[in-house]
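Trainee: pasting the sequence and the predicted model now:
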Amino acid sequence: MKIPRIWLEPIQGYDPWRNSDDFYFDVKAARACCKRFESFRHMKGQWAGKPFVLEPHQRKIVGHMFGWKRKSDGTRRYREVLLYEPKKNGKTQLAAGVAIILLHDDGEPGAEVYCASGDIAQADIIFQAATYMVENNEELKDDIKILPGYKTMKFIDTQSYWKVLSSEAKTKHGPNVHGLIIDELHIFPNDNLIETLTAGTVSRLQPLTLYLTTADFAGPSVCNTMIDKARKIRDGVIDNPYFLPVIYETFPDKDDWKDPAVWKRVNPNYGISVQDSYFQGKFREALEDPSKENTFKRLHLNMQTEQERRWLKMEDWDSSGAIVDKKDLQGQECFGGLDLSSSQDITAFVLFFPTQCACLPFFWVPSKTAKKKLEYEVWARDGYVTVTEGSVINYDAVRAKIKELSGQYKIIDIGYDPWNASQIATQLADDDELPMMEFRQGYKSMNEPSKEVEKLVIQKKLVHFGNPVMRWMASNVQVAEDPAGNIKPTKAQKDSPKKIDGIVGLVMAVGLSMTVKIEEQPFKGGLTFL
């Protein structure tokens, strides 16, 4: 049977016909699997309820995945497939269809199919797409029993099932895996689950593992190790005829990430599931907001980026704020953020007044440290930093000032990191009767208030009274991002002399303000936004 041209061409730089003497391409099998997708239906968006007709690049992937066979026994050639594509290019729907084929169409007795991701909710996304496909297919809905509470499907005729798993591997030993979908490989903290499950494929005749992912941050990771392996297989550096690499990526050294031609090359579903208006909107956000540039590059262009980068634009910071008289903040409701450095460095306490979008920062530094940095001495002379005698911070002075401030302003809550401030926080709560709240420095706690601070600066609403210490810290701060896109402020290096304590204190204070409804009070000060 004549092989269609689509399956004769390389697939994203990988030539499956290279070193293929031990294999043959089964056109009938490739066409049957592609045709099978047309019996599935899309679950969401403009195609909801419509047949899943594969796009050309998807047809190429599915054809190679299921069409190549081994001459020795007629089983599938490819045992592992990496689909490395940016977001919104149809990976979820494609994976759901593949999983159904492995569960129902392969005829494998007692097939065990698993879908795993970094968390159960992410893994469940593919399961939900497949559930819709089964429930809207006359043949499949009679053959497959769905147990949504257990996130399981069962094909009774062959005693086969499909289960959803999270990345916790300790309870997953002993599987006999026929099909494995690893979703969002970049969010896996380690390879424990992957090794456990792939080890369970050895007793199957033609197991298939499908890895799905967008780009990870640069640096050592499970995802980057897999992508490096796939690139070497694609380029012929590693001879592994059983691994199918499908790699859509942007090359930082030669591609212009602002070029629409690059966008379309890297996103094979551009103009289909990746709408131009959506993409243009994300691009504009990346241009206007430095904290979103790396996210855009990583998720939408499959370009590896550093986890940490510059956050706040100083031109936004300098033009941010309004004309407010500090005296008018007296008695107003506010929230505090206490960030303690090491005892030998700067400590920050920041009050945030949500009604006025104003922040009042206070800083302390030991005299021995102040003498080593001219700026500290200048800021101390001008009243922006309090110098305490000795080589370490005098926390009694910090406590006394916070207690004093509580008499001037209506402090609702004070956030602190229990990792390094538990003692002073206990004293402030028990001895000084101040409202102390634990505020941990992880992504979960810091993400939303960090984004709120960013928004206030960009919109030029944050009133910071031109405090030079806060400006210095704003210029130092970078933002770290986790694989899910959550952010938090960070330093360029752990022991960097460029401090960010005031910004961290501000983020904590803003975070607390987002959890409490502020009483509406008349504000007597005049606001004039610049």
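Mentor: Received the coordinates, thanks.

Trainee: now do the SS call for I414.
Mentor: With DSSP: H, G, I helix; E, B strand; the rest coil as the basis, I414 sits in strand.

Trainee: meant to ask about Q280
Mentor: Here Q280 is helix, with the state taken from three-state DSSP.

Trainee: who's in contact with it?
Mentor: Listed by Cβ atoms under 8 Å, 6 or more residues apart in numbering, the contact set of Q280 is empty. C-beta here means a position set from N, CA and C on the backbone, and glycine is covered the same way.

Trainee: show me the protein divided up by domain.
Mentor: For the chain, automatic domain parsing gives the domain ranges 5-248, 314-513.

Trainee: for W263, find the nearest of the ones you listed.
Mentor: Among those, the nearest to W263 by Cβ to Cβ is domain 5-248 (9.1 Å).

Trainee: for K282, which of the domains of the chain is the nearest?
Mentor: With Cβ to Cβ as the criterion, K282 lies closest to domain 5-248 of those, at 9.5 Å.

Trainee: and the closest one, end to end?
Mentor: Taking Cα to Cα, to the nearest Å, the first and last residues of domain 5-248 lie 21 Å apart.

Trainee: about what we covered before: out of the domains of the chain, which gets nearest to M303?
Mentor: Across the domains of the chain, M303 has its closest neighbour in domain 5-248 (6.1 Å, Cβ to Cβ).

Trainee: run the chain-centre distance for the closest one.
Mentor: From the chain centre to the centre of domain 5-248 is a distance of 22 Å (Cα atoms, centre = their mean, to the nearest Å).

Trainee: now do the helices in the stretch 301-450 of the chain.
Mentor: Using DSSP state H, counting those that start in this stretch, the helices of the stretch 301-450 of the chain run over 314-318, 367-370, 374-381, 395-408, 418-430, 443-458.

Trainee: quick revisit: need the domains of the chain in JSON lines with mean pLDDT and mean neighbour count, can you?
Mentor: Output for the domains of the chain, formatted as JSON lines (pLDDT from 0 to 100; neighbours: other Cβ atoms under 10 Å):
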{"stretch": "domain 5-248", "mean pLDDT": "92", "mean neighbour count": "18"}
{"stretch": "domain 314-513", "mean pLDDT": "90", "mean neighbour count": "19"}
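
Trainee: nearest to L299 among those domains would be which one?
Mentor: When the domains of the chain are compared by Cβ to Cβ, domain 5-248 sits nearest L299, at 5.0 Å.

Trainee: so what's R41 closest to, chain neighbours aside?
Mentor: Spatial nearest neighbour of R41, excluding adjacent residues (Cβ to Cβ, 6 or more residues apart in numbering): N136 at 4.7 Å.

Trainee: what does K50 give?
Mentor: In space, K50 is closest to H42, 5.5 Å off (Cβ to Cβ, 6+ apart).

Trainee: surely that neighbour is in contact with A48?
Mentor: Yes: with contact defined as Cβ atoms under 8 Å, H42 and A48 form a contacting pair (5.6 Å).

Trainee: the residue lying closest to G336 once chain neighbours are set aside and Y78, how far apart?
Mentor: Sequence neighbours aside, I414 is the residue nearest to G336 in space, at 3.8 Å (criterion: Cβ to Cβ, 6+ apart). Distance from I414 to Y78, counting by Cβ to Cβ, to the nearest Å: 58 Å.

Trainee: what are the ranges of the helices in the stretch 51-200 of the chain?
Mentor: Counting by DSSP H, counting those that start in this stretch, the helices of the stretch 51-200 of the chain are 56-67, 91-100, 120-135, 138-143, 192-199.

Trainee: isn't L8 right up against D15?
Mentor: No: contact criterion Cβ under 8 Å: L8 and D15 do not qualify, at 9.9 Å.

Trainee: which residues does the closest residue to I346 other than its chain neighbours contact?
Mentor: Excluding its sequence neighbours, the residue lying closest to I346 (Cβ to Cβ, 6+ apart) is V365, at 4.8 Å. Counting by Cβ under 8 Å, 6+ apart, V365 makes contact with 345-347, 376, 380, 385-388, 393.

Trainee: what's the closest of the residues you listed to A474?
Mentor: Of these, the one sitting nearest to A474 (Cβ to Cβ) turns out to be I346, at 14.4 Å.

Trainee: quick one: the closest one and K499 touch, right?
Mentor: Yes: assessed by Cβ under 8 Å, I346 is found in contact with K499 at 5.4 Å.

Trainee: just the pLDDT for P522.
Mentor: Looking at P522, its pLDDT reads 35.

Trainee: and the nearest residue to P241 once chain neighbours are set aside, how far from I238?
Mentor: Closest residue to P241 apart from its sequence neighbours, by Cβ to Cβ, 6+ apart: N19 at 5.9 Å. Separation of N19 from I238 (Cβ to Cβ): 11 Å.

Trainee: just Q344 next, same as before
Mentor: Between Q344 and I238 the distance is 51 Å, computed by Cβ to Cβ.

Trainee: repeat that for I146.
Mentor: As judged by Cβ to Cβ, I146 and I238 stand 40 Å apart.

Trainee: cool, and N294?
Mentor: Using Cβ to Cβ, N294 is found at 29 Å from I238.

Trainee: and the strands in the stretch 151-300 of the chain?
Mentor: All strands of the stretch 151-300 of the chain, identified by DSSP state E, counting those that start in this stretch, fall at 152-155, 160-165, 177-182, 208-213, 243-247.

Trainee: okay, now the sheet partners of the fourth one, with direction.
Mentor: Pointing back at strand 208-213 there. Using DSSP bridges, the strands paired with strand 208-213 are strand 80-84 (parallel), strand 177-182 (parallel).

Trainee: out of these, which is closest to I458?
Mentor: Between I458 and the strands paired with strand 208-213, the tightest spacing by Cβ to Cβ is seen for strand 80-84, at 32.4 Å.

Trainee: for that closest one, list the C-alpha coordinates in PDB.
Mentor: Only the C-alpha atoms of strand 80-84 are listed here, as PDB (Å, rounded to 0.1, in the frame of the first residue of the first chain):
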ATOM      1  CA  GLU A  80       8.000   6.200  24.300                       C
ATOM      2  CA  VAL A  81       6.700   9.400  22.800                       C
ATOM      3  CA  LEU A  82       7.500  13.000  23.900                       C
ATOM      4  CA  LEU A  83       5.100  15.700  22.800                       C
ATOM      5  CA  TYR A  84       6.800  18.900  23.600                       C
END
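
Trainee: thinking again about what came up before, give me phi/psi at the residue nearest to P241?
Mentor: phi 50, psi 50 (degrees, to the nearest 10).

Trainee: surely it meets N240?
Mentor: No: if you go by Cβ under 8 Å, N19 and N240 don't touch, sitting 9.8 Å apart.

Trainee: residues in contact with stretch 59-68?
Mentor: Stretch 59-68 has contacts (Cβ under 8 Å, 6+ apart) with 6-7, 9, 11, 16, 20, 23-27, 29-34, 37, 54, 76-78, 81, 83, 94, 98, 101, 208, 210, 244, 246.

Trainee: still on that earlier bit, want to throw the domains of the chain into a markdown table with distance to D276?
Mentor: What follows is the domains of the chain, written out as a markdown table (distance: least, Cβ to Cβ, whole Å):
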| stretch | distance to D276 |
| --- | --- |
| domain 5-248 | 12 |
| domain 314-513 | 22 |
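
Trainee: relative to V262, which of those domains is closest?
Mentor: Closest among those, once you apply Cβ to Cβ, is domain 5-248, at 10.9 Å.

Trainee: partner strands of whichever strand or helix holds Y24 and their direction?
Mentor: Assigned by DSSP states H and E, Y24 belongs to strand 23-25. Strand 23-25 sits in its sheet next to strand 68-70 (antiparallel), going by DSSP bridges.

Trainee: show me what contacts the residue nearest to K50?
Mentor: Applying Cβ under 8 Å, 6+ apart, one finds that H42 lies in contact with 48-52, 93.

Trainee: and of those, the nearest to P418?
Mentor: P418 has its nearest neighbour among the contacts of H42 in Q93, at 44.0 Å by Cβ to Cβ.
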